[in-house]
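Undergrad: fold the following.
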Amino acid sequence: MQTILLTKLKELRHQFPEDGSQSIHVLADVFDNANGQFKLSLQQESKDHAGERIILIPYNLKNSHWVGILIEFQSDEQIKRAEYIDPVNGIDDVPDGLRKQFTEVYPYDMLQVKKHITLDGTPKNPQLNRISSSALNKSETRYITPVTVPLKDIPGAYENDAITLCDAPGFSDTAGPEVDIANSLGVIEALKRTESVKLLALSSYKSLGDRGQGIQKLAEILIHMVRGIDNKLTAIVYAFTKYPPETDINALLIDIKRSKVDTNSSLRSNSAFMAVLIDMIEKTEHGAFKINPIKGNPKELIRQLRRIKGIQDSKDVFHFSMTEETRATIDKHDLIKKYDIPEAYEQSISSISESISRYCAEEKEKFNRVMISRDGLKEGDIRDYQACVEYLQQIQLTKEHLGPSLALPEILMQNITFHLEERRRTLQEEDLDSPLIEIYLDNF
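TA: From the prediction side, this is the model:
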């Protein structure tokens, strides 16, 4: 199975080269009847690879059929997602043995069943045909799409009013920084034209992170989007989705504050962030609002949204913001434009060539000096000269870049030949009592 996946991956990379920037590693096949093999595979992978990456593990389930495990790592080695994919049975839970082995290697993360909730059949509301969904992490939405929902269509509601929900583009999960900026501008401009805005801040368990990074990121999106957010908290409803039923969200938020925020002076001094986090804690004190896309009743969500008072001065409150990932990409682009790359390259070539020539000249001068010195030619002098010759031989591979001015090892060898010829001529021409005869014989 590993060979098949590698072949398919190669084909996809060839077909979509623009999507091949992230490292993807397909590990060796793992068999359910091999005790502890999955755990060993995870441990070995952590030794072999590092940084931002995706790993795929083919897993043979009790000699029945193949399933897959997909794990995505962030640059800091934290797991972004860990998914169990069963294309045959579509079960609701990960096998106990597999989950146990995963937890032994990554005790603070959870291996979850990969699910994609999508529409089965034709929607009752024809406006929903414009909404696309995907099992991928990237947002399918490219522009704001409004959907008007008559309240009489909601079970348990007895009103004739309607509410308009807007499917908005995601932030930092789109096709790149350019799309991210365009989405942000589009959302903000649309919000500025409204009479009143109520915010539904949704936290997904899959984006939570093992240290609450998802909660912090959600708070930062709100802070950057809403000017003076500490005075607009009454217009926000916090909802949570895909969390395990037994999760105490209020206790989770308190733990994030105590373990991460209270120990970080930078976060503690951020008054806006603290205001949002404390607001989350207070609003979940008597129970958090959890959204279940399949079994949940939207009546309570509609009731909460209608109950709160919206932001009236939206034109002055909402302003453009961008995610940290997009800002980092722009900073890198600015850095590239800051310097003249060809000029910097030529300067580097010139500096390297000068350093090599200087090193060669120094060794040559030292060798020539000891050849006529009364101190004599030492073994260390010969080794230094030999090292210089070997160095010049090795760097000839870079001649294509460094150019014809690169020093050649033959120059040093010619220098030895020249001095030996000088010695021979001196021995022939000088008188026997000449001091040069004594020096040359001592150095021989």
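Undergrad: average pLDDT across stretch 189-196?
TA: When pLDDT is averaged over stretch 189-196, the result is 84.
Undergrad: now the end-to-end length of that stretch.
TA: End-to-end span of stretch 189-196 (CA to CA, to the nearest Å): 13 Å.
Undergrad: give me the domain ranges for this structure.
TA: 2-113, 126-333, 341-443 (the TED database).
Undergrad: in TSV, list the ones you listed along with mean neighbour count.
TA: No exception for glycine: its C-beta is placed from N, CA and C like everyone else's. Listed next are the domains of the chain as TSV, based on neighbours: other CB atoms under 10 Å:
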stretch	mean neighbour count
domain 2-113	14
domain 126-333	15
domain 341-443	13
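Undergrad: the lengthiest helix in the chain: what's the following helix or strand?
TA: Longest helix in the chain by number of residues (criterion: DSSP state H): helix 341-371. For helix 341-371, the following helix or strand on the C-terminal side (DSSP states H and E) is helix 379-394.
Undergrad: contacts for that next one, please.
TA: Helix 379-394 is contacted by residues Ile356, Tyr359, Cys360, Glu363, Lys366, Phe367, Val370, Ala407, Leu408, Pro409, Leu412, Met413 when judged by CB atoms under 8 Å, 6 or more residues apart in numbering.
Undergrad: next, the angle from it to helix 341-371.
TA: Orientation of helix 379-394 against helix 341-371 (axes from the mean of the first three to the mean of the last three CA atoms, to 10 degrees) gives an angle of 150 degrees.
Undergrad: and the residue lying closest to Met413 once chain neighbours are set aside, how far from Arg369?
TA: Nearest non-adjacent residue to Met413, counting by CB to CB, 6 or more residues apart in numbering: Val389, 6.9 Å away. Noted for Val389: a distance of 18 Å to Arg369, by CB to CB, to the nearest Å.
Undergrad: sorry, back to before: now the longest helix of the chain: mean pLDDT?
TA: 82.
Undergrad: distance between that helix and the chain's centre?
TA: 40 Å (CA atoms, centre = their mean, to the nearest Å).
Undergrad: next, Pro404: secondary structure please.
TA: coil (DSSP: H, G, I helix; E, B strand; the rest coil).
Undergrad: got the contact list for it?
TA: Counted by CB under 8 Å, 6+ apart, Pro404 has zero contacts.
Undergrad: pLDDT at it, what is it?
TA: Predicted confidence (pLDDT) for Pro404: 77.
Undergrad: list phi and psi for it.
TA: Backbone torsions for Pro404, taken as degrees, to the nearest 10, come to phi -70, psi -20.
Undergrad: for Ala407, see how far away Arg358 is.
TA: Counting by CB to CB, the separation of Arg358 from Ala407 is 10 Å.
Undergrad: any idea how far Val187 lies from Thr194?
TA: Where Thr194 is concerned, Val187 sits at a distance of 11 Å (CB to CB).
Undergrad: low-confidence stretches in the stretch 1-150 of the chain?
TA: 15-21, 63, 88-92, 115-121, 130-144 (pLDDT under 70).
Undergrad: run the last query once more with 90
TA: Counting by pLDDT under 90, the stretch 1-150 of the chain contains low-confidence ranges at 1-24, 29-36, 46-53, 58-68, 74-100, 103, 106-150.
Undergrad: which residue packs closest to Ile356, ignoring adjacent ones?
TA: That would be Ala407: by CB to CB, 6+ apart, it lies 5.7 Å from Ile356.
Undergrad: actually Asn292, not the one I typed
TA: Asn292 sits nearest to Thr241 (CB to CB, 6+ apart), 7.4 Å away.
Undergrad: beta partners for that neighbour?
TA: When assigned by DSSP bridges, Thr241 has beta-bridge partners Ser204, Ile291.
Undergrad: quick one: the strands in the protein, in order.
TA: Secondary structure of the chain (DSSP state E): strands located at 23-26, 30-31, 53-61, 65-73, 79-85, 112-113, 145-150, 162-167, 199-204, 236-241, 289-291.
Undergrad: can I get these in TSV with distance to Ser348?
TA: Putting the strands of the chain into TSV (distance: least, CB to CB, whole Å) gives the following:
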stretch	distance to Ser348
strand 23-26	29
strand 30-31	47
strand 53-61	31
strand 65-73	34
strand 79-85	37
strand 112-113	49
strand 145-150	51
strand 162-167	50
strand 199-204	47
strand 236-241	52
strand 289-291	56
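Undergrad: closest one to Leu222 among these?
TA: strand 199-204 (6.2 Å; CB to CB).
Undergrad: now that closest one against strand 236-241, angle please.
TA: 20 degrees.
Undergrad: now for strand 199-204, which elements pack on it?
TA: helix 213-225, strand 236-241 (3 or more CB pairs under 8 Å, 6 or more residues apart in numbering; DSSP states H and E).
Undergrad: quick one, which of the ones you listed gets closest to Leu151.
TA: Closest among the helices and strands packed on strand 199-204, using CB to CB: strand 236-241, at 17.1 Å.
Undergrad: angle of that closest one against helix 213-225?
TA: 150 degrees.
Undergrad: got the CA coordinates for strand 236-241 in PDB?
TA: As requested, the backbone C-alpha atoms of strand 236-241 are provided in PDB (Å, rounded to 0.1, in the frame of the first residue of the first chain):
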ATOM      1  CA  ILE A 236     -20.600  38.500  20.700                       C
ATOM      2  CA  VAL A 237     -22.000  35.000  21.100                       C
ATOM      3  CA  TYR A 238     -19.400  32.200  21.700                       C
ATOM      4  CA  ALA A 239     -20.200  28.800  20.300                       C
ATOM      5  CA  PHE A 240     -18.200  25.600  20.300                       C
ATOM      6  CA  THR A 241     -18.400  22.700  17.800                       C
END
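Undergrad: what packs against it?
TA: Strand 236-241 packs on strand 199-204, helix 271-283, strand 289-291, helix 298-307, going by 3+ CB pairs under 8 Å, 6+ apart.
Undergrad: how about the helices in the stretch 1-150 of the chain?
TA: For the stretch 1-150 of the chain, applying DSSP state H, counting those that start in this stretch gives helices covering 2-15, 37-48, 96-105.
Undergrad: what's the closest of the helices and strands packed on strand 236-241 to Ser41?
TA: Closest among the helices and strands packed on strand 236-241, using CB to CB: strand 199-204, at 27.8 Å.
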